[in-house]
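Student: can you look at this prediction? I've put the sequence above it.
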2 protein chains.
Amino acid sequence: AESGPPAAAGGMYGVIGKMRVQPGQRDALIAILAEGTKEMPGCLAYMIAKDKADPDALWITETWDSAASHKASLALPSVREAITKGRPLIAGFERFETEPVAGVKTR
Amino acid sequence: AESGPPAAAGGMYGVIGKMRVQPGQRDALIAILAEGTKEMPGCLAYMIAKDKADPDALWITETWDSAASHKASLALPSVREAITKGRPLIAGFERFETEPVAGVKTR
């Protein structure tokens, strides 16, 4: 199989996460996340999407130019604030780390 | 809870999918998908990412300006060809429909 050494450190870094939100709080969490993730150096995309079937589920697709950029973002005041404000609204978080390989289209 | 009527028909449409790939075929499938999904009217993003933990798993994040654009894409020759070529390499596909609400950043 193709499970050789991990992707070169230089590759893009990504996260795909499915958040379980406290009932009725999805819009509030979307606003917090959208606000807190606007200006993050190295972030190529931070996409937020409602699950169509489950009113309490929210999908996040993050694409970063490197793992280092992602790590650095966790120290940004805007991100820390979003985490503090958002955490009480999050009931669960299934999180997958990825290596983006194709496809961020400009609008 | 917030499970009111489905999002207005005018909203963006999205898909998040986790594909299980035949062992050793992930790079081949990535090439097929990347090639077949280049010119799709109404597609705002078609992001392909390798799962870091599982060498046989691949994530797709699609963002469309409407569900209609997505549906129309299935008739495009390039997409039909990718489906035909890619299908034998796909062992499973967990697919979630979404309504993107924030965050396609330009490169």
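Tutor: Received it, and whenever you're ready, just let me know what you need.
Student: so is stretch A:78-88 next to chain B?
Tutor: No. Against chain B, stretch A:78-88 shows no contacts by CB under 8 Å from any CB of the partner chain, the least distance being 12.4 Å. C-beta here means a position set from N, CA and C on the backbone, and glycine is covered the same way.
Student: got any ranges where chain A has weak pLDDT?
Tutor: When residues are selected by pLDDT under 70, those of chain A lie in A:1-9, A:104-107.
Student: can you pull the buried residues of the lengthiest strand in chain A?
Tutor: Secondary structure of chain A read by DSSP state E shows that its longest strand is strand A:90-102. Buried residues in strand A:90-102, counted by 16 or more other CB atoms under 10 Å in any protein chain shown: A:Ile90, A:Phe96, A:Glu97, A:Thr98, A:Glu99, A:Pro100, A:Val101, A:Ala102.
Student: measure A:Ala68 to B:Gln22 for me?
Tutor: Here the criterion is CB to CB, to the nearest Å. By it, A:Ala68 lies 33 Å from B:Gln22.
Student: can I get the buried residues of strand A:90-102 in a markdown table with distance to chain B?
Tutor: As requested, those are exported to a markdown table (distance: CB to the nearest CB, whole Å):
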| residue | distance to chain B |
| --- | --- |
| A:Ile90 | 15 |
| A:Phe96 | 6 |
| A:Glu97 | 4 |
| A:Thr98 | 4 |
| A:Glu99 | 5 |
| A:Pro100 | 4 |
| A:Val101 | 5 |
| A:Ala102 | 4 |
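Student: which of the residues you listed sits closest to A:Lys18?
Tutor: A:Phe96 (8.6 Å; CB to CB).
Student: give me the element the closest residue in space to A:Glu39 that isn't next to it in sequence is part of.
Tutor: Closest residue to A:Glu39 apart from its sequence neighbours, by CB to CB, 6 or more residues apart in numbering or on different chains: A:Ser78 at 6.7 Å. Taking DSSP states H and E as the definition, A:Ser78 sits inside helix A:77-86.
Student: on contacts alone, who are the packing partners of that helix?
Tutor: Contact here means 3 or more CB pairs under 8 Å, 6 or more residues apart in numbering or on different chains; DSSP states H and E; on that basis helix A:77-86 packs against helix A:26-36.
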